[in-house]
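**Q** Predicted coordinates and the sequence they were generated for:
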Amino acid sequence: MTAEEKLQHLPDRPGVYIFHDAGGEIIYVGKAVSLKNRVRSYFQSGARQSVKVRSLMNRAADFEYIVTDNEVEALILESNLIKEHRPRYNIYLKDDKSYPYLKVTLAEDFPRIFITRRVVRDGSRYFGPYTMVGAVHETLKLLRQLFPFRTCKQKLAAPGEPERDAGAGKNGAPAEGLVRAGSAGAVSAVPQSKPVGGRTGGSGVRRACLNHHIGRCPAPCAGMITRDEYRGLIREICLFLEGRHEDLLKSLKKQMEEAADQLAFERAARLRDQIRAVERVLESQKIVSSGAGDRDVVALARDGGESSLMVFFVRGGKLLGREHFLLSGTEGMERGEVVAAFVKQYYHRADFVPPEIVLSEMEAEELPAVEQWLSGRRGGRVHINVPQRGEKKKLVEMAGKNALLALQEAQLNRLAGARAEQAPAELARALGLDNVPERMECYDISNTQGSESVGSMVVFEAGRPARDQYRRFKIRTVKGPDDYASLQEVLRRRFSRAREERELINTGQLSSKEAKFHRLPGLVIIDGGKGQLSAARAVMRELGFDHIPAFGLAKEEELLFAEDRSEPVRLPPESQALHLVQRLRDEAHRFAVTYHRQLRTKRNLKSLLDEVAGVGPARRRALLRAYPSLEAMSRAALEELAAVPGMNRPAAEAVHRFLHGEKD
């Protein structure tokens, strides 16, 4: 049946319509209250159609449709098909599957909380998505400060104890939540109880780790807490993430009162400190509403075919956080249509639907069906509000301003990225290279009068840092401050490893994913002048890699020296090529200096510990593993020092006295 024949038989019922191109690929998915009226509108005269619709119909070769019982079912089906097929002419969230979430592994007896980018149906709860990875890291950091929970990856079980989900609502259904938080608090602890689960040592119970001794873990592996007690703690964490802070505070206060009644004053004091910490977090959050309800505020900013949506999360009348999202493919669409498309995609995957959603705009014909769908997702009434005045209107305007700033920032970042991509080609022309260097490596040496000498290798690809491929080298064979010899050792190790790995890959003994040095640069930059460059080229010739172009970058005048040229290359001061090599050189210097300082700090701390009576090599190594700096060790309490593996109370007291200048 041809498309024209299908048009004659379209039903006057709700459903979803799907356009295909000549190759059979799905290029657009839409929903309709009446398939008959909606689909026919696409085949009418193009005079009143948008540019996007005209482009769609020029490519569309056929269509199909699916009838549903009502508009809400059509909306759900539309969202599923868009997510599955990503049609060219539909609006979609960029990087839909790459946003990070906080995952609570409720299927485990002793759940863990960590960051993930994969949402799977494994019985876990997911809080998110977060568009900025920094936000989810800050939230996880705050949780660790407010609540003690295990961070290890051990598989722990509590045989014989009944399963029960943390954060569960009525009939065992998981409670819902989506919230951002960001402030510091205090450490709490959980009372010790009968041993459960975990591996046992010679005494029958595993020794608790350092995190337990400093109040950051209740040590389920050592049997210090029961399954039910631990999952009660996880319930409190879920309440916090859901924004149900009043419920959380009531629970904590009740526990504190019970502990006081039982004369467990130490536990009551810890709960008191935790309550104060949570209250400090709440005090730091901005009150944006006189009411105490939960709502999301969504506002749109757009420029051409790109749109930015800002979502404010208001819980209990307080603005707890925000996230922004970018939409593409919005050319020629009305603002309300863009917002409606975002709402359907966003809440299709969101973990929590609040009772009220405030929008900057929305198509009136979409509103009833979307409200009904959201109410079904929430399990309770959801109101969509498009305010025209008052407090909510001001809040929408504030979200809109933030959406515009986010869009402008994304455009600036894209422009900077485009310039970064052009810089390698500009540099290749200036240096007279035959090919544009896709991969560039820069090397630097750092030491203090020859001590703790280190080398760095940083990598840029397509003009941008490839930080996962940075490498650092601790100089092994050179004594004293000899930068030339140190540089030669670094390059010899780097290119020797490259030759070995490439041979193993060719013979099938090593995969390219396992190799670290097999990829060769198109250009090598040495931080230094002619002397450093000559030393580097000697090693590259020795190992058969002298076909790779190499230049030395002198620091003061920013001149690039080549081995076979009498005159250096001077790049124009404002050129992208010069900015690229400067960034490359500065990054190599930073990476080398950072590693050198780490080694120097560790050496100085080791020297200090040599002077402490009762601290031998084994305890010294244990302390250095637990505390990477003198400042960190000085801040540690006596109990924390004593909890370090291999330490005891007298040795910890000796270290504590020494670090604080106390006499024996």
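**A** Looks like it came in fine. Residues are numbered from 1 along each chain as shown.

**Q** Give me the local confidence score for F114.
**A** With respect to pLDDT, F114 has a value of 87.

**Q** what sits against it?
**A** The contact partners of F114, by Cβ atoms under 8 Å, 6 or more residues apart in numbering, come to 102-103, 140, 151. In short, each C-beta sits where N, CA and C put it, glycine included.

**Q** Just put those residues in CSV and tack on neighbour count.
**A** Conversion of those to CSV gives the following (neighbours: other Cβ atoms under 10 Å):
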residue, neighbour count
L102, 21
K103, 22
L140, 16
T151, 14
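
**Q** and these as a markdown table, adding distance to S55, secondary structure and pLDDT?
**A** Formatted as a markdown table, the entries for these read as follows, by distance: Cβ to Cβ, whole Å; DSSP: H, G, I helix; E, B strand; the rest coil; pLDDT from 0 to 100:
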| residue | distance to S55 | secondary structure | pLDDT |
| --- | --- | --- | --- |
| L102 | 40 | strand | 81 |
| K103 | 41 | strand | 86 |
| L140 | 44 | helix | 78 |
| T151 | 51 | coil | 83 |
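
**Q** who does the helix or strand hosting L319 touch, helix- and strand-wise?
**A** Element membership of L319, judged by DSSP states H and E, is strand 318-328. Secondary structure elements in contact with strand 318-328, counted by 3 or more Cβ pairs under 8 Å, 6 or more residues apart in numbering; DSSP states H and E, are strand 92-93, strand 286-287, strand 306-315, helix 335-349, helix 390-431.

**Q** between that strand and strand 306-315, how many degrees?
**A** Going by axes from the mean of the first three to the mean of the last three Cα atoms, to 10 degrees, strand 318-328 is angled at 160 degrees with respect to strand 306-315.

**Q** Show me what strand 318-328 pairs with in its sheet, parallel or antiparallel.
**A** In its sheet, strand 318-328 lies beside strand 92-93 (antiparallel), strand 286-287 (antiparallel), strand 306-315 (antiparallel), with partners assigned from DSSP bridges.

**Q** where among the helices and strands packed on strand 318-328 is the average confidence lowest?
**A** Here the lowest mean pLDDT among the helices and strands packed on strand 318-328 goes to strand 286-287, at a mean of 50.

**Q** quick revisit: I'd like the strands paired with strand 318-328 as JSON lines, with distance to L56 appended.
**A** Below are the strands paired with strand 318-328 laid out as JSON lines (distance: least, Cβ to Cβ, whole Å):
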{"stretch": "strand 92-93", "distance to L56": "15"}
{"stretch": "strand 286-287", "distance to L56": "43"}
{"stretch": "strand 306-315", "distance to L56": "18"}
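
**Q** Of the ones you listed, give the one that comes closest to A269.
**A** With respect to A269, and counting by Cβ to Cβ, the nearest of the strands paired with strand 318-328 is strand 306-315 at 28.7 Å.

**Q** Tabulate the CA atom coordinates of the closest one in CSV.
**A** In CSV, the C-alpha atoms belonging to strand 306-315 read as follows (Å, rounded to 0.1, in the frame of the first residue of the first chain):
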residue,chain,number,x,y,z
GLU,A,306,19.9,24.8,19.8
SER,A,307,18.0,25.0,23.1
SER,A,308,19.1,24.9,26.7
LEU,A,309,16.7,23.7,29.5
MET,A,310,17.4,24.5,33.1
VAL,A,311,15.8,22.5,35.8
PHE,A,312,15.6,23.8,39.4
PHE,A,313,15.0,21.3,42.1
VAL,A,314,12.9,22.8,44.9
ARG,A,315,12.3,20.5,47.9
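
**Q** and the helix or strand hosting D296, which residues are buried?
**A** Secondary structure from DSSP H and E places D296 in strand 295-303. The neighbour-count check on strand 295-303 (16 or more other Cβ atoms under 10 Å) flags 295-302 as buried.

**Q** Below-threshold pLDDT in the stretch 351-500 of the chain: ranges please.
**A** Scanning the stretch 351-500 of the chain with the threshold set as pLDDT under 70 gives 450.

**Q** if we can go back for a sec, what mean pLDDT would you report for the strand holding L319?
**A** Model confidence over strand 318-328, given as mean pLDDT, is 77.

**Q** ditto for stretch 13-20
**A** In this model, stretch 13-20 has an average pLDDT of 90.

**Q** where's I113 relative to L233, distance?
**A** Separation of I113 from L233 (Cβ to Cβ, to the nearest Å): 11 Å.

**Q** With neighbour numbers in mind, choose between these two.
**A** Set side by side, I113 and L233 give different neighbour counts by other Cβ atoms under 10 Å, the larger being at I113 (23 against 19).

**Q** Can you give me every residue that contacts that one?
**A** If a contact means Cβ under 8 Å, 6+ apart, then I113 has 102-105, 140, 143, 149, 234, 237 as its contacts.

**Q** next one: P424
**A** Shown in contact with P424 (Cβ under 8 Å, 6+ apart): 436-438, 440, 462-463, 580.
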